[in-house]
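1. Fold the following and give me the result.
(one chain, ligands or ions: 3)
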Amino acid sequence: MKHPAIHGLYAITDPALIRDRQLLPAAEAALRGGARLLQYRDKTATPAQRRHRAAQLQALCRQHDALFLVNDDPALAADIDADGVHIGQSDGGIARARRLLGPGKIIGVTCHSDLALAEQAAAAGADYVAFGRFFPSRTKPLAPPADPVILDQARQQLTIPLVAIGGINSDNGGQLLERGADALAVIHALFSAPAPDQVERAAQQLSALFNAV
Ligand SMILES: Cc1ncc(COP(=O)(O)OP(=O)(O)O)c(N)n1
Ligand SMILES: Cc1nc(C(=O)O)sc1CCOP(=O)(O)O
Ligand SMILES: [Mg+2]
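-> Ligands and ions are numbered 1, 2, ... in the order given. Reported below is the predicted structural model:
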């Protein structure tokens, strides 16, 4: 079943680009600019800081009627009643995440450029699968590359939403939507902007891509 809300611009936070005090203003700017999903991705803060920030972001997303997901950490996602979690291939597995989160929550899974991984994830109960990286990424330059053709193949084999990630901006994202991506996950092209109004404008430009398909 395709989760109808997993669609549109998917903003992912990055502490290397957003200073602590800017996290909420930057996230709010992305949401005002049209982001429909927000992921808290932070591998450097302490557990207490991560819990505090994740709870603040969840509340913010509720105000904007957007979905909030936590990266890597289903226990934290469950603790703060997030809408879901995003896990990679080394983040503990779907069964554990589902046990921690319960049936109604969203579990997204990184599948790189591997259709078999995506089929397994869907069969194990993933709510979306993520493919990438499609373009050179400033945030994660060593992520394995993916050819956009994987989206055509996945669209034929899978019914759950497809998320595209990696080096996506308003110039190159449209081609991924034309190939069947449901959501575009973006870090640098959103949060490298130095001020909230510029983050908002970047989010508007990325969100506009969804009106053109
Ligand atoms: C939407 C989305 N897609 C892919 C990833 C990458 O997850 P993972 O492979 O676990 O890598 P890290 O983000 O943990 O470095 C993601 N976070 N979000
Ligand atoms: C976190 C992440 N995962 C990727 C993958 O391919 O699985 S690419 C990536 C970084 C995405 O950031 P940006 O929009 O700045 O390239
Ligand atoms: Mg991970």
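2. ok, now how distant is Pro148 from ligand 1?
-> Using Cβ to the nearest ligand atom, to the nearest Å, we find Pro148 at a distance of 15 Å from ligand 1. (Each C-beta comes from the backbone N, C-alpha and C, glycine too.)
3. likewise Arg138?
-> Arg138 sits 14 Å away from ligand 1, going by Cβ to the nearest ligand atom.
4. That residue belongs to a strand?
-> No - looking at Arg138 with DSSP: H, G, I helix; E, B strand; the rest coil, it is coil, so not inside a strand.
5. Could you find the closest non-adjacent residue to it?
-> His188 (4.6 Å; Cβ to Cβ, 6 or more residues apart in numbering).
6. Just to check, Asp127 is in contact with Leu101?
-> No - assessed by Cβ atoms under 8 Å, Asp127 is found out of contact with Leu101, at 10.4 Å.
7. How about the secondary structure of the residue of the chain most remote from its centre?
-> The outermost residue of the chain relative to its centre, with distances by Cα atoms, centre = their mean, is Ala48 at 22.5 Å. When classified by three-state DSSP, Ala48 comes out as helix.
8. Tell me the confidence at it?
-> Predicted confidence (pLDDT) at Ala48: the value is 98.
9. Whichever residue of the chain sits closest to ligand 1: neighbour count?
-> The nearest approach of the chain to ligand 1 comes at Gly88, 2.0 Å away (Cβ to the nearest ligand atom). For Gly88, the count of nearby residues is 14 (other Cβ atoms under 10 Å).
10. Would you enumerate the residues in contact with it?
-> With contacts defined as Cβ atoms under 8 Å, 6 or more residues apart in numbering, the neighbours of Gly88 are 72, 109-110.
11. Including distance to ligand 2, could these go into TSV?
-> Shown next, in TSV, are the contacts of Gly88 (distance: Cβ to the nearest ligand atom, whole Å):
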residue	distance to ligand 2
Asp72	10
Val109	10
Thr110	5
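12. Highest neighbour count among those residues?
-> Val109 (27 neighbours).
13. how many neighbours does the residue lying closest to Gly33 once chain neighbours are set aside have?
-> In this structure, Gly33 finds its nearest non-sequential neighbour in Ala203, 2.5 Å apart by Cβ to Cβ, 6+ apart. Using other Cβ under 10 Å, Ala203 has 25 other residues around it.
14. Doesn't Ala203 belong to a helix?
-> Yes - checked against three-state DSSP, Ala203 lies within a helix.
15. Please list all residues in contact with it.
-> Contacts of Ala203 (Cβ under 8 Å, 6+ apart): 9, 11, 29-35, 190.
16. again, only this time at 10 Å
-> Taking Cβ atoms under 10 Å, 6 or more residues apart in numbering, we find Ala203 in contact with 9, 11, 29-35, 170, 186, 189-191, 193.
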